[in-house]
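**Student:** A predicted structure for the sequence below; I have some questions about it.
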There are 2 protein chains.
Amino acid sequence: MKVKVGISNHHLHLTDEDYKILFGEHKLTKRNDLNQPGQFACQERVTIIGPKSSIENVIIVGPTRNYTQVEVSKTDCYKLGIDAPVRDSGDLEGASVVTIIGPNGKIEKPCAIIANRHIHVDKTILNEKKLVGVKEVSVKINGLKSGIINNVHLKETENAYFEIHLDTDDANAFLLQNGDEVEII
Amino acid sequence: MKVKVGISNHHLHLTDEDYKILFGEHKLTKRNDLNQPGQFACQERVTIIGPKSSIENVIIVGPTRNYTQVEVSKTDCYKLGIDAPVRDSGDLEGASVVTIIGPNGKIEKPCAIIANRHIHVDKTILNEKKLVGVKEVSVKINGLKSGIINNVHLKETENAYFEIHLDTDDANAFLLQNGDEVEII
């Protein structure tokens, strides 16, 4: 069965408290909605600093969360000089320490992870696609640099948009672009 | 059967003529030998410029060739603003135009490619591993972000060191490091 690809470049989620530290009293400013209902890319940008170097213009994905989390690729990790663990979103065990710089202030905390490959699903999709009870799938990718990726977690949320989220390393290794279709096997 | 991983970061090969343009009358200066017999990383560095941005400190792999070729990853392509084709080394059909800057001069030519995934072999290895006549294999990669990559070309040279060469996108997507072992299937 086919699923559309959404590529996640490095980005972060913020708590209300951390947002206030970085941006003062302002509220997250939506730039555009994302495919997942309720999720949006913000106008605001931050700089992420690691022991080796920094990444500028990192986008915030709203709404605010009850955790602050920076999602990076392995390529970003080498650039920053960190060794972030592979985690499901929201699981910050062993997350790497980075500094987040906003126009109003900065935060330093263990919050950087490499997000697990995942597919957004809801109960309707799980039933339709006969994936009830499945935790993880493999996905076949065609093209000039083709292959199979494993460890793709099914992430259940309400009213999900059926989509596989891959980081830029996975996408670029297989020459994938946003909206391409890959096959769950 | 297992094969060791060698990760190729962006690098370039130069003709004698282009080397002279970039560096004047000097000769390639070896920094260290590479695993493939006769191949070496040089002290010299160049800057590669594309329509969007540039990459500094790009290493030259010697000895000089009868073609000038810049090998980049898809991630590098996005950075540079080029759409380099996937090619075997030495096949520059449709290669992207980039500018190469050295201390003594610059070159602008269509020479940038994404190198095909490949395994270095020689006749002895092909016989030993029962791979005679095989052009392409798939390789299984274990780990937290595991999977299979296809389109891995067998590249026959004399006295080869048995090794799979992957670009940084492939390596980082699968969390591979130099010297890791993967399995030909």
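**Tutor:** That came through, no problem. Numbers count the residues shown, from 1 in each chain, chains lettered A, B, ... in the order given.
**Student:** helix or strand for A:Ile148, which one?
**Tutor:** Secondary structure from DSSP states H and E places A:Ile148 in strand A:147-156.
**Student:** report all helices and strands that that strand contacts.
**Tutor:** On a contact count with 3 or more C-beta pairs under 8 Å, 6 or more residues apart in numbering or on different chains; DSSP states H and E, strand A:147-156 meets strand A:118-121, helix A:123-128, strand A:136-141, strand B:147-156. Where C-beta positions appear, they are placed from N, C-alpha and C, glycine not excepted.
**Student:** from the ones you listed, which stretch is densest packed?
**Tutor:** Of all those, strand A:118-121 carries the top mean neighbour count, a mean of 23, counting by mean count of other C-beta atoms under 10 Å in any protein chain shown.
**Student:** rewinding a little: any chance of the helices and strands packed on strand A:147-156 in TSV with distance to B:Gly133 and mean pLDDT as columns?
**Tutor:** Listed next are the helices and strands packed on strand A:147-156 as TSV, based on distance: least, C-beta to C-beta, whole Å; pLDDT from 0 to 100:
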stretch	distance to B:Gly133	mean pLDDT
strand A:118-121	39	98
helix A:123-128	45	96
strand A:136-141	26	98
strand B:147-156	10	98
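**Student:** want to throw those into JSON lines with distance to A:Val97?
**Tutor:** JSON lines is the format used below for the helices and strands packed on strand A:147-156 (distance: least, C-beta to C-beta, whole Å):
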{"stretch": "strand A:118-121", "distance to A:Val97": "24"}
{"stretch": "helix A:123-128", "distance to A:Val97": "36"}
{"stretch": "strand A:136-141", "distance to A:Val97": "29"}
{"stretch": "strand B:147-156", "distance to A:Val97": "29"}
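**Student:** direction included, what does the helix or strand just after the strand holding A:Ile148 pair up with?
**Tutor:** Of the helices and strands lying after strand A:147-156 in sequence (DSSP H and E), the nearest is strand A:163-167. Here strand A:163-167 has these sheet partners by DSSP bridges: strand A:2-8 (parallel), strand A:118-121 (antiparallel).
**Student:** tell me which parts of chain A are close to chain B?
**Tutor:** Among all residues of chain A, those adjacent to chain B (criterion: C-beta under 8 Å from any C-beta of the partner chain) are A:73-75, A:78, A:86, A:117, A:138, A:144-151, A:168-170, A:172-175.
**Student:** can you do 7 Å?
**Tutor:** Along chain A, the residues adjacent to chain B under the rule C-beta under 7 Å from any C-beta of the partner chain are A:73-75, A:86, A:117, A:144-151, A:168-170, A:172-173, A:175.
**Student:** partner residues bridging the nearest residue to A:Asn66 once chain neighbours are set aside?
**Tutor:** In space, and not counting its chain neighbours, A:Asn66 is closest to A:Thr15: 6.3 Å by C-beta to C-beta, 6 or more residues apart in numbering or on different chains. A:Thr15 has the following beta-bridge partners by DSSP bridges: A:Arg65.
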